[in-house]
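A.B. asks: show me how the following folds:
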Amino acid sequence: MENSVSRKDLTISPLRFARATRRAAMGANFTGVVFCVAYFLLFRLIHDLRTPSFSLTVSLGVYLALMSVGLLITKRRQRPVLAYAKALEAGENPGREAGAAAMARLLDLPFAQASVSLVNWVVAALLVPALTLGDTLFTVPPGLAAARYLRIFAGVLVAGAVAGALAFFYAENHVRRVLPLWFPDGRLEDAAAARRLRLRTRMGISLVLSGLLPVSLLAVLSVNRVRMFLSYDPGDVLSDLTKLAVFFLSSSALLTLAVARLYAKSVVGPISGLARAMDKVKVGDLSVRVDVCSNDELGSLSEDFNDMVEGLRDRERMRIISLELEKGRQIQQDFLPGVLPDAPGWELCAELTPAREVSGDFYDVFYVGEGLLAIAVGDVCDKGVGSALFMALIRSLLRVYSRRRGACDGDRAVLSTIPEGRDERTVSAAGLVNRYLAAEHGGLCMFATLFWGVLDLSDGSLFYVNAGHEPPVVLRGGRAVSVLASSGPAVGVISGIAYPWKKIVLESGDTLFCYTDGATEAQDPEGRAFSRQRLMETLETAPSGAHRMVEGVRRALAAYGRCAPCADDVTLLAVKREE
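C.D. replies: Residues are numbered from 1 along each chain as shown. Sure, this is the predicted structure:
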């Protein structure tokens, strides 16, 4: 169980907690003693004792002995909890297993203190009458001896029930204060072995303590007193019964108030906290969190509420991310040419299908001079937002480098020699992009395959560089006559590379078809790739024309995938020289 509590958050120190729980146990048992003394004095039970001073001394000794044993037992059970809290106070991380064990012990502490208290009082209820009555049990008639024993036993036993209940609720109150402080990230399932007092059981105990037990004891002792006083004056019997009734009614009323207060604090408090938290959630505050303070239905409900709010926060974050991605998709679409340039005598068509909201693929077609049309198709490694940002950078660099005339001395190493009439920067923009990416962003381990060409619209000559990209295809008469193979590695990998240019002439009726690997690697539902061979067959059977060719390939990919999700971005670009 990982715990991120800082030292300043431990507003309740381990020592303070240990002292508070011991005081609570002693207070609960002292309440039981007060009940016993009042009971003995009111009904003149002291006069039934052989030697009052000796009897009181023996009873007090038994009580103190049992109290000492109970405190030792609870102190021993607290050791793992206190050791865990001290480790947190020292800024250490005790670990998940230690946290789970300590949390289970902490949740079991009320049960332990109540159990020890009840056992002690049961032992006292058995021993105190025998120790205090002494040989008077053997010198009076058996019926009278049994009645005397029963009166003392019943009073001590009821006092023990009251003390045990108070010990439980007092200890639970202290546990609820420290549980969210010492285990803010802990979950009840981590302490599954801990005992759980369900709400219906808690309510039953409260009703028994505040109503059923006093009334039952009143009835039993009333019959017992009547049997003992049959030979007494009826007025004395009536007076004793009146005192008995008044004592138990007043005791029951006080106990009812005490138990009701404790029960309300243990039940109404968490419910009120949940209600306040729900009011905040209703107005849109998703930072709210309720403390998980008990190992019952309310504790589980608090955990479920926190999980619900966390789920709402995740959904809200996803909604915001979705909106941001949609905005990013729109911005990326604006980076791509909305309308391809008008090129007399040529037909152009391009299409990009992203696998996600944003894409790492890109294409661009723009004029770099009179009659010179630049064509770019690229594929950035990976997918998603990072690739989209890299794609925007490469596209911008290509436009800047290809339109900038003249070369700087630092550019000579990556510029290719271009025939007369061609600006060397136009074709060598790929090398300049590679140098910039490797020098400025090499630490990102990002790269991109790139096909970069400059087409002379007047004679169909195409000067190009293929930087590790899928080889474009030149089709003539429905047949693939040329494949523009790679002439160097992807851009952004190795700095200082001079990509050699190549040349091809597109004759009338020829079509240049460019694509990214998302087309050849598209998969059917069985996971089989579309393949380059199938792409070639599709191109050779596709209708003539750039638009119809792109549409034919797109439909073939869709039919092959049969609604399977796209694993990669797909970019298709066709340039046809009209006949």
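
A.B. asks: quick one, phi psi at Ala480?
C.D. replies: The phi/psi pair for Ala480 (degrees, to the nearest 10) reads phi -80, psi 120.

A.B. asks: begin at 36 from here
C.D. replies: Fine by me, first position is 36 from now on; the one you just mentioned is Ala515.

A.B. asks: tell me who's in contact with it.
C.D. replies: Val508, Val509, Met571, Leu574, Glu575 (C-beta atoms under 8 Å, 6 or more residues apart in numbering). All C-beta atoms are positioned from the backbone trio N, CA, C, and that covers glycine.

A.B. asks: adding pLDDT, distance to Phe146 and secondary structure, write the residues you listed out as JSON lines.
C.D. replies: What follows is those, written out as JSON lines (pLDDT from 0 to 100; distance: C-beta to C-beta, whole Å; DSSP: H, G, I helix; E, B strand; the rest coil):
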{"residue": "Val508", "pLDDT": "95", "distance to Phe146": "78", "secondary structure": "strand"}
{"residue": "Val509", "pLDDT": "94", "distance to Phe146": "83", "secondary structure": "strand"}
{"residue": "Met571", "pLDDT": "92", "distance to Phe146": "77", "secondary structure": "helix"}
{"residue": "Leu574", "pLDDT": "92", "distance to Phe146": "77", "secondary structure": "helix"}
{"residue": "Glu575", "pLDDT": "90", "distance to Phe146": "81", "secondary structure": "helix"}
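
A.B. asks: the stretch 236-385 of the chain: strands as residue ranges?
C.D. replies: Taking DSSP state E, counting those that start in this stretch as the test, the strands found in the stretch 236-385 of the chain are 381-388.

A.B. asks: where does the prediction get shaky in the stretch 286-435 of the chain?
C.D. replies: 286-287, 290, 298 (pLDDT under 70).

A.B. asks: mind listing the helices for it?
C.D. replies: Using DSSP state H, counting those that start in this stretch, the helices found in the stretch 286-435 of the chain span residues 332-370, 420-438.

A.B. asks: format the ones you listed as JSON lines; extra columns: mean neighbour count.
C.D. replies: Converted to JSON lines, the helices of the stretch 286-435 of the chain look like this (neighbours: other C-beta atoms under 10 Å):
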{"stretch": "helix 332-370", "mean neighbour count": "14"}
{"stretch": "helix 420-438", "mean neighbour count": "19"}
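
A.B. asks: in CSV, list those helices along with distance to Gln148.
C.D. replies: As requested, those are exported to CSV (distance: least, C-beta to C-beta, whole Å):
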stretch, distance to Gln148
helix 332-370, 19
helix 420-438, 56
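
A.B. asks: quick one: low-confidence parts of the stretch 36-185 of the chain?
C.D. replies: Judged by pLDDT under 70, the stretches of the stretch 36-185 of the chain that qualify are 36-46, 77-95, 97-98, 166-180, 182.

A.B. asks: over to the stretch 486-614 of the chain?
C.D. replies: 598-600.

A.B. asks: mind listing the strands for it?
C.D. replies: With DSSP E, counting those that start in this stretch as the criterion, the stretch 486-614 of the chain has strands spanning 496-502, 508-511, 514-518, 537-540, 546-550, 605-612.

A.B. asks: note down every partner strand of the longest one and its orientation.
C.D. replies: Okay, so that is strand 605-612. strand 381-388 (antiparallel), strand 546-550 (antiparallel) (DSSP bridges).

A.B. asks: quick check: which of these is buried the most?
C.D. replies: Among the strands paired with strand 605-612, strand 546-550 has the highest mean neighbour count (mean count of other C-beta atoms under 10 Å), at a mean of 25.

A.B. asks: contact partners of that strand?
C.D. replies: Contacts of strand 546-550 (C-beta under 8 Å, 6+ apart): 398, 410, 412, 486, 497, 505, 507-511, 541, 570, 574, 579, 581, 584, 588, 605-612.

A.B. asks: let's go with 6 Å and repeat that
C.D. replies: With contact meaning C-beta atoms under 6 Å, 6 or more residues apart in numbering, strand 546-550 is reached by 412, 486, 505, 507-510, 574, 607-611.

A.B. asks: same question for stretch 490-502.
C.D. replies: Contacts for stretch 490-502 (C-beta under 6 Å, 6+ apart): 378, 406, 408, 462, 465, 485-489, 519, 521-523, 525-526, 534, 536-541, 612.
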